[in-house]
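Asker: Mind looking at a prediction? Sequence and model below.
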Amino acid sequence: MAGTGPLAGSARREGDALVFAGTLDRDACAGVWAQASGLLDGVTRFDLAHVARIDSAGLALLAELADRAGAVTIQGSPEGLAELRSAYRLDARLAYGG
């Protein structure tokens, strides 16, 4: 199963960053939401350098977390992120940019 094991998605807080790792896919979203949603206060950036791959559910998760956190910068570009951002017309901060 994609959402379990060593490549399962995860999130942790490091200073002003939420650091994500593993695969952010549909199977991982509930667990990553549980880890990340309570850590948003004061977050100014999302570190995706350790994310192997992201699908549309993972992008939706990140966009919702970014919206709740306010203005965040995104560091890293895992497989799938650029294509999905373009398809869903999200800007560099994962907000709808048109």
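Answerer: That came in fine, so what should we check first?

Asker: so the residue nearest the centre of the chain, which of the three states?
Answerer: For the chain, Leu62 is the residue whose C-alpha lies nearest the centre (Cα atoms, centre = their mean; 3.6 Å). Secondary structure for Leu62, judged by DSSP: H, G, I helix; E, B strand; the rest coil, is helix.

Asker: Contact partners for Glu14?
Answerer: Glu14 makes contact with Asp47 under the criterion Cβ atoms under 8 Å, 6 or more residues apart in numbering. Backbone N, C-alpha and C define where each C-beta goes, glycine included.

Asker: Give the bridge partners for it, please.
Answerer: For Glu14, the beta-bridge partners are Ala17 (DSSP bridges).

Asker: pLDDT score for it?
Answerer: Model confidence at Glu14, given as pLDDT, is 98.

Asker: roughly how far apart are it and Asp67?
Answerer: 21 Å (Cβ to Cβ, to the nearest Å).

Asker: With Arg45 instead?
Answerer: Distance, Arg45 to Asp67, by Cβ to Cβ: 15 Å.

Asker: the more surrounded of the two?
Answerer: More neighbours surround Arg45 than the other of Arg45 and Asp67, with 19 against 13 (other Cβ atoms under 10 Å).
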